[in-house]
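In: Provided below are the primary sequence and the corresponding predicted coordinates.
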Amino acid sequence: MKKQPNLSQLIEQARRVHMTAEQLESQKRDFAYGNTKFENDAITREMIDEAADARLRH
């Protein structure tokens with residue numbers, strides 16, 4: 001039976017992950033959507049994308 005990695009091993013592995021700019025932007029948008037949707041059910045992914053796109057234009 002294969003041993004499961006412990007939390008410390010998983011954290012160390014995560015430290016070595018390098019995301020592309022596209023992956024990072026996607027993660028930021030997902031985080032923003034999840035946190036705002038939790039507080040306001042009227043929030044849509046489209047609204048998050050529009051706000052993020054406007055932020056990138058400035």
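Out: Good, I have the coordinates. Residues are numbered from 1 along each chain as shown.

In: what's the helix of greatest length in the chain packed up against?
Out: The helix that spans the most residues within the chain, counting by DSSP state H, is helix 21-39. Secondary-structure packing of helix 21-39 (3 or more Cβ pairs under 8 Å, 6 or more residues apart in numbering; DSSP states H and E): helix 45-57. C-betas here are computed from N, CA, C, even on glycine.

In: Tell me which residues are up against the helix it packs on.
Out: Identification of contacts with helix 45-57 by Cβ atoms under 8 Å, 6 or more residues apart in numbering yields 25, 28-29, 32-33, 36.

In: Give me the local confidence score for Pro5.
Out: Per-residue pLDDT puts Pro5 at 80.

In: pLDDT wise, what is the most centrally placed residue in the chain at?
Out: Residue closest to the average C-alpha location in the chain (Cα atoms, centre = their mean): Gln27, at 2.4 Å. pLDDT recorded at Gln27 is 96.
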